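**Q** Quick one, structure for this:
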Amino acid sequence: MKVKNQIAIGIVCIFLGIILALQYKVFQDSLVGGDSLFKKQTDLTNELFALKEEKETLITELDDARATLTEIEESASKDNAIIKNLTDTVHEYEILAGMTEVSGEGIIITIDNPPMDQSSLSDVNIVNEYEEIVKLVNDLNAAGAEAISINEQRIIALSEIRAAGTSINVNFVPQTTPFVIKAIGKKSALEGALTFRYGQVTILREASLLVDVKTVDEVIIPRYHGLVNFQYVKTVEDE
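**A** Prediction:
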């Protein structure tokens, strides 16, 4: 019996040894894979920062080039009425398309999540109400807003506002709270379109979000910094 017991114990020990060896190998593999994933994540993060810096540099260069072009156009238009009319028309279309920085009287709306220490409101998040943000922008447009931005992202005809994970994308750029929405237009009309009894400000506040509305004599809205490439749209030639 003692021999049988010793054999049984020996077999159990062998199995335990195999299991421990396998677990150790899996653990080592996970460490190696973890290091690889961490390195990949670090590389991607560094690449993202580099691309952001490059983008900022290119935007600055583009702004400088636009300023130089404006000076040339203004200089040429002084001596030629036709060029001046064409330059004014182009400038109007640039404003309409959101391709130039603008200023004027308007409204500033700041929307934020409630403080984190309010445990009863832990599920409240502006991301869950992004559709109400879209409606708010629509209401501003309906009230005669001539230019709108969200967190310094100019809203144009091709802009998108949608939930993307834990953030809201505006012009494909993730945005975090607080959301600062600026609009240029008749400030009393813009304010009235949002703050009436059943307006979007009421809806957002009822969702426990913090909303501040302020009318101002001057608000500055940046130009659209993205690229607009038309691949399918073509002008219709008159017969």
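**Q** ok, the closest residue to residue 144 other than its chain neighbours - contacts?
**A** Distance criterion Cβ to Cβ, 6 or more residues apart in numbering; nearest residue to residue 144, sequence neighbours excluded, is residue 185 at 4.8 Å. The way it works is simple: take the backbone N, C-alpha and C, and place the C-beta from them, glycine included. By Cβ atoms under 8 Å, 6 or more residues apart in numbering, the residues touching residue 185 are 104-107, 140, 143-146.
**Q** same check, this time on residue 113
**A** 124-126, 177, 209-210.
**Q** Give me the buried entries from these.
**A** Among these, those buried by neighbour count (16 or more other Cβ atoms under 10 Å) are 125-126, 177, 209-210.
**Q** Look up phi and psi at the residue nearest to residue 178 when sequence neighbours are not counted.
**A** Closest residue to residue 178 apart from its sequence neighbours, by Cβ to Cβ, 6+ apart: residue 112 at 3.9 Å. Backbone geometry at residue 112, expressed as degrees, to the nearest 10, gives phi -140, psi 160.
**Q** just residue 209 next, same as before
**A** Dihedral angles (degrees, to the nearest 10) for residue 209: phi -80, psi 150.
**Q** so residue 152 sits right up against residue 222, yeah?
**A** Yes - counting by Cβ atoms under 8 Å, residue 222 is a contact partner of residue 152 at 5.5 Å.
**Q** what's the helix or strand for residue 219?
**A** Applying DSSP states H and E as the criterion places residue 219 in strand 210-221.
**Q** Next secondary structure after the helix or strand bottoming out on mean pLDDT in the chain?
**A** Every helix and strand in the chain was compared by mean pLDDT, DSSP states H and E; the lowest is helix 2-77, with a mean of 67. Once helix 2-77 ends, the next helix or strand along the chain (criterion: DSSP H and E) is helix 81-97.
**Q** helices or strands up against that following helix?
**A** helix 2-77 (3 or more Cβ pairs under 8 Å, 6 or more residues apart in numbering; DSSP states H and E).
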